[in-house]
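Peer 1: Model the following, please.
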Amino acid sequence: MTEAGARHAIVTGANGYIGAAVVDRLIASGWHVTVLGRATTRHISVASIAWRLGEAMPDRLFPADALIHLAHDWSEAAEGNIGGSLRLIDAARRASVGRIVFASTISARADANNRYGRTKAAIEALLDRPGETSARIGLVYGGPPLGLWGTIRSLTKLPVLPMVQPHQQVQPIGLDEVAEAVARLAAGACADRRVVVLGASTPMSFGCFLSLAAAVEGRRLAILPLPAAPIVASLDLAGRAVPRLAGMAERVRGLVGLPFLPSDDDLGALGLRLVDPVRGLARASRRRILGEAWLLFLSLGVRRPPLAALAAYARAVERLGDGAPIGLPRLAQAWPPLIRIYEPLSEAAGDGRRDTLKRRLATAAHIADAAGLLPVYDYTARPAAVRLMRAVGVLALEVAILPFRLVLGRHG
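Peer 2: Presented below is the predicted three-dimensional model:
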């Protein structure tokens, strides 16, 4: 049951990289959201209904003001995605849903090099009535390291990246910008347009974008250009034995011959002005620095680090260091107290990243101490035996973690 006056949106693919951001944006804008698919725990106010692409839509979903279709079944053939989308669209039409927004791609066209682009183009062709719009989305960056953005984050950690067609032009757009655009489309913007383009109006080469993504992380990326045809043929051959490689061949085909689509008019109609990718990537990096600050403060015993302390840490990193997050080990992210075992004994003992960890721990400690956030123990009020036992315990802990610091602090 929706609240009085609240608009109701049905969202498929809500657990995906883009879908989760769209749901966040809709809720922030006052929408009531129903998710079709796997249950989401991000928001207690979101209703979730188990569903797979191709299944019938439950009648209890309606009435609804908008359907936002982001789901894509990568395990299905093109016919399964097209047929499932048609069934979804027909159900929305029968229920008189006034707005249908479909998440497409800039590579969508009938003669696209890959199946994904051809499938998206075929679904776009189904949306031919008033209030039905396909959003052709460019290269999305920022937010959690998922989807293609997660792959890009991983690739930029390599010292040398073999790459097919690094000069191919792409149209980047931030994840938050995509979510805002989709929310505005759902609310009725550009309802008279069958297709809108969501991507930078000035393209850049994919190789340049990857180099920028590496640079904001404090790394340099050397790109080794590779010819497309033999790489795709090799991936196709290997994909017969390893299905994952077949999927990689699909992505390479999608990159080859990617068209440039003018977006100025559509972005203007949506009232959006995209952030320059250089600034956008730097902003995405700053968010990770804030997350790093949170973990470091927790490792120091600060239970709930205030926003002011997090911001002070980010400013210190940007002014005194290279401004890039250091990338804490996963084990330390899961349990922040373990960060201590990755700290080198001295700056000369570790590599560059471990040395940076030592300095940033010291920075976090100074900020926490100045703000009065560190736990304070009144030893004078305790018996001498208790004080002695505590000192022995601290010394024993330091001795216990010493071997780990010697190994992980150098090689972790």
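Peer 1: ok, for Tyr363, nearest residue in space, not its chain neighbours?
Peer 2: For the record, residue 363 is Thr, not Tyr. In space, and not counting its chain neighbours, Thr363 is closest to Ala316: 5.2 Å by CB to CB, 6 or more residues apart in numbering. For every residue, glycine as well, the C-beta is placed using N, CA and C.
Peer 1: helix or strand right after the helix or strand where Ala312 lies?
Peer 2: With the criterion set as DSSP states H and E, the secondary-structure element containing Ala312 is helix 307-320. Toward the C-terminal end, the helix or strand that comes next after helix 307-320 (DSSP H and E) is helix 330-334.
Peer 1: So which bits of that following helix are buried?
Peer 2: Using 16 or more other CB atoms under 10 Å as the test for burial, helix 330-334 gives Ala332.
Peer 1: Report the mean confidence score over that helix.
Peer 2: Predicted confidence along helix 330-334 averages 79 (mean pLDDT).
Peer 1: Show me the contact partners of that helix.
Peer 2: Outside of helix 330-334, the residues within contact range by CB atoms under 8 Å, 6 or more residues apart in numbering are Leu295, Ser299, Leu338, Ile339, Tyr342.
Peer 1: correct me, but the second one touches Arg340?
Peer 2: Yes: because the distance of 6.4 Å satisfies CB atoms under 8 Å, Ser299 is recorded as touching Arg340.
Peer 1: re earlier: could you tell me how far the helix holding Ala312 lies from the centre of the chain?
Peer 2: Taking CA atoms, centre = their mean, to the nearest Å, the mean C-alpha location of helix 307-320 is offset from the chain mean by 23 Å.
Peer 1: CA atoms of the helix or strand hosting Ala214 as CSV?
Peer 2: Element membership for Ala214 (DSSP H and E) is helix 206-215. Coordinates of the C-alpha atoms in helix 206-215 are reproduced here as CSV (Å, rounded to 0.1, in the frame of the first residue of the first chain):
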residue,chain,number,x,y,z
PHE,A,206,38.7,4.7,-23.7
GLY,A,207,42.4,4.5,-23.1
CYS,A,208,42.4,8.1,-21.8
PHE,A,209,39.5,7.3,-19.5
LEU,A,210,41.4,4.3,-18.0
SER,A,211,44.5,6.4,-17.6
LEU,A,212,42.5,9.0,-15.7
ALA,A,213,40.8,6.4,-13.5
ALA,A,214,44.3,5.1,-12.6
ALA,A,215,45.7,8.6,-12.1
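Peer 1: Mind giving me the packing neighbours of it?
Peer 2: Contacts defined by 3 or more CB pairs under 8 Å, 6 or more residues apart in numbering; DSSP states H and E place helix 206-215 against strand 139-141, helix 147-155, strand 160-164, strand 169-170, strand 222-226, helix 277-299.
Peer 1: Please tell me how far Trp74 sits from Trp294.
Peer 2: From Trp74 across to Trp294, the span is 33 Å (CB to CB, to the nearest Å).
Peer 1: which of these two has more neighbours?
Peer 2: For Trp74 against Trp294, the residue with the higher neighbour count under other CB atoms under 10 Å is Trp294, and the figures read 18 against 8.
Peer 1: residues contacting that one?
Peer 2: Trp294 makes contact with Pro305, Leu310 under the criterion CB under 8 Å, 6+ apart.
Peer 1: can we see that at 10 Å?
Peer 2: Applying CB atoms under 10 Å, 6 or more residues apart in numbering, one finds that Trp294 lies in contact with Val302, Arg304, Pro305, Ala309, Leu310, Tyr313, Pro336, Ala364.
Peer 1: What about those, which one has the most neighbours?
Peer 2: The most crowded member of the contacts of Trp294 is Ala364, carrying 29 neighbours; neighbours defined as other CB under 10 Å.
Peer 1: wait, it sits on Ser299?
Peer 2: Yes: distance between Ala364 and Ser299: 8.1 Å, which falls inside the contact criterion (CB atoms under 10 Å).
Peer 1: Tell me the one among the contacts of Trp294 nearest to Ala121.
Peer 2: Within these, proximity to Ala121 (CB to CB) peaks at Leu310, which comes in at 44.4 Å.
Peer 1: Could you find the closest non-adjacent residue to the closest one?
Peer 2: Sequence neighbours aside, Ala293 is the residue nearest to Leu310 in space, at 4.6 Å (criterion: CB to CB, 6+ apart).
Peer 1: neighbours around the one you found, how many?
Peer 2: There are 24 residues near Ala293, going by other CB under 10 Å.
Peer 1: separation between it and Ala362?
Peer 2: For Ala293, the distance to Ala362 (CB to CB) stands at 13 Å.
Peer 1: same check, this time on Arg286
Peer 2: Here Arg286 is placed at a distance of 20 Å from Ala362 (CB to CB).
Peer 1: So for the two, which sits in the more crowded spot?
Peer 2: Comparing Arg286 with Ala362 by neighbour count (other CB under 10 Å), the higher total belongs to Arg286, at 19 against 12.
Peer 1: distance of the spatially closest residue to the more buried one that is not a sequence neighbour from Trp294?
Peer 2: Nearest-residue entry for Arg286: Ala314, 6.0 Å, with adjacent residues in sequence omitted and distances by CB to CB, 6+ apart. Computed as CB to CB, the Ala314 to Trp294 distance reads 11 Å.
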